[in-house]
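Engineer: Got a sequence here, can you build the structure:
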Amino acid sequence: MTHDGPAYGLWTLVVFNSAIFLMFAFSFFKPKTGRDWRTFGAFAAFIVTLFVEMYGFPLSIYLMSGWLQSWYPGLDLLSHNSGHLWSTLLGEKGDPHFGPLHIASYVFLGFGFYLLSSAWHVLYHAQRRNALATSGPYAHIRHPQYVAFVLILLGFLLQWPTLLTLLMFPFLLVMYGRLAVTEEAEMHMRFGAEFESYAVRTPRFLPRLRRASVKNPQQT
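Structural biologist: Next up is the predicted model:
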């Protein structure tokens, strides 16, 4: 069993990649309120945990090493490719970076960051007008920013699953769901009947396949 150079202990890459993705997400999300910072903080914890295992210390590989060596005796646990556990478990051959799951992860990541950016643009202008955000992504779902974060997290899980991030993911889903309910209660108190009408015609997280033909006077 051989491997090409060190795949772990690369803490500079941990810091660099974490900083790049967090700054990228921060530039789109721009947290202001305490709720915004909790949302971003949970996302940041996931990202840092991911890159620590990807380039720093492979905790998941270490904990699963006995089982992996029993089922995949020829697997080089010290290689970077071994960290793409879905590829290993599914028996994929060749470079996992070109596998279907890795390509799907790029789709999730790309659309997630696009949705995050689009939602922030609409929300920013709505807040400046002291109005309810109902156009763009908000015309299809009530919480596109939370959905965007979940898509990004799913993209990373498809690309590089770890025991810690897999455990964190359902807790993050619950947290974002509770934050969405809290946010809606505040919007209801602030906008009243306008928010009620918006909530009736707009799903919370998953867009409808067919939207009812209801004209929204606030959309531009």
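
Engineer: all helices in the chain, in order from the N-terminus.
Structural biologist: 11-29, 34-51, 59-71, 85-89, 100-128, 144-159, 163-191, 193-201 (DSSP state H).

Engineer: between the last one and helix 163-191, how big is the angle?
Structural biologist: Compare the direction of helix 193-201 with that of helix 163-191 by axes from the mean of the first three to the mean of the last three C-alpha atoms, to 10 degrees and you get 130 degrees.

Engineer: Buried residues in stretch 113-122, which are they?
Structural biologist: Residues of stretch 113-122 classed as buried by neighbour count (16 or more other C-beta atoms under 10 Å): 113, 115-120, 122. Any C-beta I mention is one placed from the backbone N, CA and C, and that applies to glycine too.

Engineer: could the helices of the chain be laid out in CSV, adding mean pLDDT?
Structural biologist: Output for the helices of the chain, formatted as CSV (pLDDT from 0 to 100):
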stretch, mean pLDDT
helix 11-29, 92
helix 34-51, 91
helix 59-71, 86
helix 85-89, 84
helix 100-128, 92
helix 144-159, 94
helix 163-191, 93
helix 193-201, 95
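
Engineer: Out of the ones you listed, which is the most enclosed?
Structural biologist: Of all the helices of the chain, helix 144-159 has the most neighbours on average by mean count of other C-beta atoms under 10 Å, namely a mean of 22.

Engineer: Are there helices or strands packed against that one, and which ones?
Structural biologist: With contacts taken as 3 or more C-beta pairs under 8 Å, 6 or more residues apart in numbering; DSSP states H and E, helix 144-159 sits against helix 34-51, helix 100-128, helix 163-191.

Engineer: Please dump the ones you listed into CSV; it should also carry distance to H140 for every row.
Structural biologist: Listed next are the helices and strands packed on helix 144-159 as CSV, based on distance: least, C-beta to C-beta, whole Å:
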stretch, distance to H140
helix 34-51, 20
helix 100-128, 10
helix 163-191, 15
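
Engineer: so what's the residue lying closest to Q127 once chain neighbours are set aside up against?
Structural biologist: Counting by C-beta to C-beta, 6 or more residues apart in numbering, Q127 lies nearest to A133, which is 7.8 Å off, once chain neighbours are set aside. By C-beta atoms under 8 Å, 6 or more residues apart in numbering, the residues touching A133 are 122-123, 126-127.

Engineer: And the residue nearest to F21 when sequence neighbours are not counted, how far from S27?
Structural biologist: In space, and not counting its chain neighbours, F21 is closest to I47: 5.4 Å by C-beta to C-beta, 6+ apart. In this structure, I47 and S27 are separated by 14 Å, where distance is defined by C-beta to C-beta, to the nearest Å.

Engineer: just K93 next, same as before
Structural biologist: Distance from K93 to S27, by C-beta to C-beta: 38 Å.

Engineer: doesn't W120 make contact with K30?
Structural biologist: Yes. In this structure K30 lies within contact range of W120 using C-beta atoms under 8 Å: 6.3 Å.

Engineer: can you list the contacts of A133 in JSON lines and add distance to G155?
Structural biologist: Written out in JSON lines, the entries for those read as follows (distance: C-beta to C-beta, whole Å):
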{"residue": "V122", "distance to G155": "22"}
{"residue": "L123", "distance to G155": "22"}
{"residue": "A126", "distance to G155": "27"}
{"residue": "Q127", "distance to G155": "28"}
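
Engineer: Considering the residues you listed, which is situated nearest to F51?
Structural biologist: F51 lies nearest to L123 out of those, by C-beta to C-beta, at 28.2 Å.
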